[in-house]
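Student: coordinates for the following, if possible.
(chains A and B)
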2 protein chains.
Amino acid sequence: MFFEGSEKKVEIVVGSQFNLMEISKDFWDQMVAYAGAKIISEISTEDCTAYLLSESSLFVWKDHLTMITCGTTTLVKAVKFFFNRFSPESIESLIYERKNEYFPHLQSTNYFSDVKFLSPSVKGTSYRFGMPDEHHLMLFEMDRSYQPAPSDVTFELLMYNLQGDAKEILNSPGHTIEQVRDLLKLETIFPGFKVDDYLFQPRGYSLNALSGSNYYTVHVTPEEIGSYVSFETNLDINETVKHQLSHILEIFQPESFDVIWFRPDHQVPDLSVPQYVARNRYQQTLKSGYTVSYSSHFMEANDYLPATKMEGLQ
Amino acid sequence: MFFEGSEKKVEIVVGSQFNLMEISKDFWDQMVAYAGAKIISEISTEDCTAYLLSESSLFVWKDHLTMITCGTTTLVKAVKFFFNRFSPESIESLIYERKNEYFPHLQSTNYFSDVKFLSPSVKGTSYRFGMPDEHHLMLFEMDRSYQPAPSDVTFELLMYNLQGDAKEILNSPGHTIEQVRDLLKLETIFPGFKVDDYLFQPRGYSLNALSGSNYYTVHVTPEEIGSYVSFETNLDINETVKHQLSHILEIFQPESFDVIWFRPDHQVPDLSVPQYVARNRYQQTLKSGYTVSYSSHFMEANDYLPATKMEGLQ
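Tutor: Purely as a prediction, here's the structure:
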């Protein structure tokens, strides 16, 4: 069995003339349905509502939203639905991201058709971070100048091909949500967050966490073929990132991981992690004021592995 | 401008009851047309005819053939045409390979649809060498035992993202075939071969070379986006491979390269190349008697590069 964990993501800033948190849940239910997902649960602080989705997460602040969806979802359809209420002209910033997938041929769309779908509404520019035949990030930004707040930082950590205990526990029949929480121990590195987590059947785990306007979110797709974990936060963990990164990497022991930063201060921390080789490093300052950096990190291969006999996926 | 250099390849052994070299060129013209390519020129020895194609190469020996096609060709359609004359029951061995592409969404088929297309005629087994989200090789072999001759070795070297002088020369307006020959100096590492080469307009270079039943072939796609070179031979260069490999890598300076060996003796040489990190190593003995090994090698990233602004390809 295979589930595409790799995500599409959109961030839309509507600006301070609107308050997205006043919008009824019914609207978000509909918007999420357009992507082919549904809302499972929610938590809120005064500054943010976090919806846990059947395929990832939706975070709604007063003046902006971040929606992340995985599997074969069609996130751009949700964006178009959003435009019915908030015209593209009224939007201050829109950034759409799509990561390379494990099995692009199982998707109903690709990055280029996504951008084409959005293009009657939004004119923008596309960037590719990385080589098209390796791990890479496709990014579309609306052609509009924007001045992000200095604290508007995003850190994304995408992990591929898990190994070790975590993978075993997350794939074991009848494992409980308590076992997964014990495994992750995220409260030790991110104390003081309100947490909403969900264990999918037969496997898969999602977590949204809020503290004021800060969030972090974790999505785990532990399947044997194409195992994947994403971690994302808007906490500025620049100073402590090596500690957080080590904690998470030690748990999941991925064969490879990618790091994406959005930083208005253009100060992207240099990450070197023992055991991993940096394959790619890309950095680009966008019109919307963020410096985006993308790097891929791989474990070096020592031994020969057997090939994978393919069954299904055809 | 982009051209997909990454190749599909089929090797079919019909056995000694047939002589494929007696078949008229008209048949090969038709077969190649089914793939969406055409024959540009040919050279022959007593043991082999090498056709240079608009998209790669076709080699015909008495008892077997190897056909390699790139771009958006449909090699499996050529295979099905071949079955009209040589029924799958009469075939001793069939191995179909497809490398990961730079831009799979620009292809009209994928590996899985190719295998599905062949499946009414040929039952077989699929293997994946490598991770689906990184460089990898998909391989299909017909479910039939086969005993390759001890000398039946194939070496494939696939190079990605060229750098340095070679890329510049191969992309310069009005460059000549003599300039390309001077650049490659392949006769210094493979003396005594009859050579047939072709310079495509505005760019691109293909070469077939024969000596008795031995061949080597080179296909160069130097375009800025997705530059690619493949080198392949059935010479057993086990002893001297490091020398040949160094020669070719020094010319093209690829950012990454993959090596594929087919060896009936199961003795796959270990390749370590300075400046490159081995990302993946896979090895599998097939029912058809070959040990296939696949390894990916990458240059480590030191500096941050700017992202690629995308124009077109949508």
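Student: flag every residue of the stretch 201-314 of chain A that's near chain B.
Tutor: A:226, A:255-256, A:268, A:277-284, A:292-295, A:298, A:300-310, A:313-314 (Cβ under 8 Å from any Cβ of the partner chain). Any C-beta I mention is one placed from the backbone N, CA and C, and that applies to glycine too.
Student: just the buried residues of the residues you listed.
Tutor: A:226, A:255-256, A:268, A:277-284, A:292-295, A:298, A:301, A:304, A:307-308, A:310, A:313 (16 or more other Cβ atoms under 10 Å in any protein chain shown).
Student: ok, back up a step: among the residues of the stretch 201-314 of chain A next to chain B, which are located in strands?
Tutor: A:256, A:277-284, A:292-295, A:298, A:308-310 (DSSP state E).
Student: burial check on A:Asn171, number of neighbours?
Tutor: 15 (other Cβ atoms under 10 Å in any protein chain shown).
Student: any idea of the pLDDT on it?
Tutor: Here the pLDDT value assigned to A:Asn171 is 95.
Student: could you find the closest non-adjacent residue to it?
Tutor: A:Pro222 (5.3 Å; Cβ to Cβ, 6 or more residues apart in numbering or on different chains).
Student: check contacts around that neighbour.
Tutor: A:Leu162, A:Ala166, A:Lys167, A:Leu170, A:Asn171, A:Arg203, A:Gly204, A:Tyr205, A:Val229 (Cβ atoms under 8 Å, 6 or more residues apart in numbering or on different chains).
Student: so which of the residues you listed sit within helices?
Tutor: A:Ala166, A:Lys167, A:Leu170, A:Asn171 (DSSP state H).
Student: report how many residues lie close to the nearest residue to A:Lys194 once chain neighbours are set aside.
Tutor: Excluding the flanking residues, the one nearest A:Lys194 by Cβ to Cβ, 6+ apart is A:Leu210, at 5.0 Å. Other residues lying near A:Leu210 total 22 when counted by other Cβ under 10 Å.
Student: A:Leu210: what secondary structure?
Tutor: What DSSP: H, G, I helix; E, B strand; the rest coil gives for A:Leu210 is strand.
Student: these two touch, right, it and A:Cys48?
Tutor: Yes - using Cβ atoms under 8 Å, A:Leu210 is in contact with A:Cys48, at 5.5 Å.
Student: quick one: residues contacting the nearest residue to A:Ile177 once chain neighbours are set aside.
Tutor: Nearest non-adjacent residue to A:Ile177, counting by Cβ to Cβ, 6+ apart: A:Leu199, 4.4 Å away. If you count contacts by Cβ under 8 Å, 6+ apart, A:Leu199 has them with A:His175, A:Thr176, A:Ile177, A:Val180, A:Tyr205.
Student: a markdown table for those, including distance to B:Val218, pLDDT and neighbour count?
Tutor: Formatted as a markdown table, the contacts of A:Leu199 follow (distance: Cβ to Cβ, whole Å; pLDDT from 0 to 100; neighbours: other Cβ atoms under 10 Å in any protein chain shown):
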| residue | distance to B:Val218 | pLDDT | neighbour count |
| --- | --- | --- | --- |
| A:His175 | 52 | 96 | 18 |
| A:Thr176 | 58 | 96 | 10 |
| A:Ile177 | 56 | 97 | 12 |
| A:Val180 | 52 | 96 | 19 |
| A:Tyr205 | 49 | 97 | 21 |
